[in-house]
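Enquirer: heads up, no residue letters with this:
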């Protein structure tokens, strides 16, 4: 019986104690366990090889990077990614041509020195990777020659780009100087007025265009002009300079505002072509409470009362633009308006009112003024300009000028007590 029990323990079914297997394993289960162990070993070996490859690529990059200080960050990252992918994938020459993306990208943001540094880095890393993967010599030489050619072309393109940027910077500085000479900065306070100006040229690189404005304090009061020259480009800028020069001289010399307009008209008739003209509004403030306006074919200004009511100043007698009086025979008329403390006058060009949004709707200037008007002209124009840019989608397609004039509140000095009347002291006499 003892032998029988022993025989059953060796060849009979296995027994378990709790959850632990105490009998012998079947052959199929042992084979499955061996296969799983082999798979884990294979996966572990592949992970180890990938980690080793990444470490070697990092070591190669760390060995070369200190030699080339000041490298562009993004192109270097592109080169590093290409090298890392090639090392991990082990595809040899397949990934090496992509190293040319590094110097090509560096040419868009860096100078020739940065491009050459990136190209040198890509060449060193590419050669090291090709030798490690035992790439055939003629294939590796072809890849490195292509990388050298791309680096040379990118360096040349970078040099030309830098030269164009320097020329553009010089042109912009000249344009800024011309703008300051043509459109002189307007002070925040001129006489009894608070003033603010916003000007945007349609061509951002030019900084100046065909719109014009000027405000001067003369012996005959504060006078100003806002106008728009027909056409664009340098001819329009030249015409604007002519109008502003004549206005600044005539505003000081002529006591009558219509004579100022007449001098501008005569000057333009001598210098402009038959199809050229200038629309303008000329205004003056000869004495407190009286505003004079002469509109020559320009958009009507907006009069903003102290109670913030907005109304256009339509001309009572429409006149042709400056430079076309001889063709029409009509002469401009003087229009007088009351202008009390707290009132404001907004002059603008058609680049503001003709600005369209994506649905081709014009910008509602009067409604915008009613929303944003306040006692600070600069803040009002800033809000209007921002809303205008939002309306057109960020960029104007025509020159736009805004000039806001506000009559400050007259401060009456408080009454002061009259000085005491000096008294004459009585003579002192000696007692008898």
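Expert: Happy to help now that I have it. Keep in mind that this is a model prediction, so the values were computed, not measured.

Enquirer: my guess is residue 110 meets residue 158, correct?
Expert: Yes - using Cβ atoms under 8 Å, residue 110 makes contact with residue 158 at a distance of 6.4 Å. C-beta: built from backbone N, CA, C; applies to glycine.

Enquirer: Regarding the chain, what is its longest helix?
Expert: When the chain is scanned for its longest helix (criterion: DSSP state H), the result is helix 137-182.

Enquirer: Which elements pack onto that helix?
Expert: helix 101-109, helix 112-132, helix 233-253 (3 or more Cβ pairs under 8 Å, 6 or more residues apart in numbering; DSSP states H and E).

Enquirer: Now tabulate those in a markdown table and tack on distance to residue 300, mean neighbour count and mean pLDDT.
Expert: A markdown table is the format used below for these (distance: least, Cβ to Cβ, whole Å; neighbours: other Cβ atoms under 10 Å; pLDDT from 0 to 100):
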| stretch | distance to residue 300 | mean neighbour count | mean pLDDT |
| --- | --- | --- | --- |
| helix 101-109 | 49 | 23 | 86 |
| helix 112-132 | 56 | 22 | 85 |
| helix 233-253 | 20 | 18 | 88 |
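
Enquirer: Let me have these in JSON lines, adding distance to residue 77 as columns.
Expert: Converted to JSON lines, the helices and strands packed on helix 137-182 look like this (distance: least, Cβ to Cβ, whole Å):
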{"stretch": "helix 101-109", "distance to residue 77": "9"}
{"stretch": "helix 112-132", "distance to residue 77": "11"}
{"stretch": "helix 233-253", "distance to residue 77": "44"}
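
Enquirer: Could you list the low-pLDDT ranges of the stretch 301-432 of the chain?
Expert: Along the stretch 301-432 of the chain, the parts satisfying pLDDT under 70 run over 410-432.

Enquirer: Tell me where it has strands.
Expert: 302-304, 310-312, 335-339, 344-348, 400-407 (DSSP state E, counting those that start in this stretch).

Enquirer: Figure out which of those is closest to residue 185.
Expert: strand 400-407 (12.4 Å; Cβ to Cβ).

Enquirer: got a list of contacts for the closest one?
Expert: 186, 192-200, 202, 211-213, 215, 224, 226, 228, 283, 339-349, 351-352, 355, 375, 377, 380-381, 384-385, 388 (Cβ atoms under 8 Å, 6 or more residues apart in numbering).

Enquirer: of the residues you listed, buried ones?
Expert: Among the contacts of strand 400-407, those classed as buried by 16 or more other Cβ atoms under 10 Å are 186, 193-200, 202, 211-213, 215, 224, 226, 228, 283, 339, 342-349, 351-352, 355, 377, 380-381, 384-385, 388.

Enquirer: Tell me where the stretch 151-300 of the chain is predicted with low confidence.
Expert: Ranges of the stretch 151-300 of the chain meeting pLDDT under 70: 175-176, 178-180, 202-209, 233.

Enquirer: repeat that for 80
Expert: For the stretch 151-300 of the chain, applying pLDDT under 80 flags the ranges 171-183, 201-210, 231-235, 273-274.

Enquirer: centre of the chain versus the longest helix of the chain, how much separation?
Expert: With Cα atoms, centre = their mean, to the nearest Å as the basis, helix 137-182 stands 22 Å off its chain's centre.

Enquirer: Run the angle between that helix and helix 101-109 for me.
Expert: 10 degrees (axes from the mean of the first three to the mean of the last three Cα atoms, to 10 degrees).

Enquirer: what element comes up after helix 137-182 heading to the C-terminus?
Expert: Moving toward the C-terminus from helix 137-182, the next helix or strand (DSSP states H and E) is strand 189-190.

Enquirer: Distance from the chain centre to that following strand, please.
Expert: 29 Å.

Enquirer: Same check on stretch 363-382?
Expert: The answer for stretch 363-382 is 22 Å, by Cα atoms, centre = their mean.

Enquirer: the helices in the stretch 251-400 of the chain, which residues?
Expert: Using DSSP state H, counting those that start in this stretch, the helices of the stretch 251-400 of the chain run over 257-271, 325-328, 350-353, 365-372, 377-392.

Enquirer: Deepest in the core, which of these is it.
Expert: A comparison of the helices of the stretch 251-400 of the chain by mean neighbour count, using mean count of other Cβ atoms under 10 Å, puts helix 350-353 on top with a mean of 20.

Enquirer: Show which residues not belonging to it make contact with it.
Expert: Contacts of helix 350-353 (Cβ under 8 Å, 6+ apart): 200, 202, 211, 228, 279, 299, 362-363, 365, 388, 396, 398-402.

Enquirer: and if you look at stretch 186-194?
Expert: Contacts for stretch 186-194 (Cβ under 8 Å, 6+ apart): 195-197, 213, 215, 217, 221-222, 285, 288, 376-378, 403, 405-408, 410.

Enquirer: now do 10 Å
Expert: 195-197, 213-218, 221-222, 224, 285, 288, 339, 341, 344-345, 375-378, 403-410 (Cβ atoms under 10 Å, 6 or more residues apart in numbering).
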